[in-house]
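**Student:** The following block contains a protein sequence and its predicted model.
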Amino acid sequence: MAKIPFFLTNPKWYRYEENVTDDGTAFQRFELTNKAPEQAIDSFKQTMLDIGADNHIDPNNLNRFQQALGFAMRQHLFHESHGLNSVQIADELHFMSCAIRSYQLLNDTLTAPNTLIFRKRIATLYRQYLKQHQTRTNDPELTNWIIAQDNKI
């Protein structure tokens, strides 16, 4: 039996829902709650990395959550001061790309995934993007950048 991720050991730390995509694909969605301690957040991050290797993005169908996360990580990691070295940047890009992969089945009408697992500045940029863009945008430059980062996984 597979080991249960730590964040799932206390139902107060997460919300669970089942959804179906527009084409009928069923999927499960977990969200951390504000009651999740740091250890649960770290467990969720590790789970995101673990499932990232098995997921993929559809470059012709990036939803607004994927776009927002791609925008936020590009803006913060490449256009703002953050104090990270090149290894930390590479690790952050890998993690964020896994998160973007995990968002593939979400549609634009769902509640936005929360930001407990992201750096505060990335979370802020992510929320600002979503507030400005209620639906996905046609931004080939951003799409190409997200795809290029995904190809590094």
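**Tutor:** Done, it's in.
**Student:** Only C-alpha atoms from now on, for both contacts and neighbour counts.
**Tutor:** Noted.
**Student:** need the contact list for residue 145.
**Tutor:** residue 70 (C-alpha atoms under 8 Å, 6 or more residues apart in numbering).
**Student:** Mind listing what's buried along the host helix or strand of it?
**Tutor:** Under the criterion of DSSP states H and E, residue 145 resides in helix 140-150. For helix 140-150, a neighbour-count test (16 or more other C-alpha atoms under 10 Å) marks 142, 143, 146, 147, 149, 150 as buried.
**Student:** how close does the residue nearest to the spatial centre of the chain get to residue 81?
**Tutor:** Centre of the chain computed as the mean C-alpha position; nearest residue by C-alpha atoms, centre = their mean is residue 99, 3.1 Å away. Applying C-alpha to C-alpha, to the nearest Å, the value for residue 99 to residue 81 is 22 Å.
**Student:** still on that earlier bit, going by contacts, tell me the helices and strands next to the helix or strand hosting the residue nearest to the centre of the chain.
**Tutor:** Element membership for residue 99 (DSSP H and E) is helix 86-102. Here helix 86-102 touches helix 38-52, helix 64-79, helix 140-150, going by 3 or more C-alpha pairs under 8 Å, 6 or more residues apart in numbering; DSSP states H and E.
**Student:** That helix - what's its average pLDDT?
**Tutor:** The average pLDDT within helix 86-102 is 93.
**Student:** In contact with residue 57, which residues?
**Tutor:** 100, 101, 104, 150.
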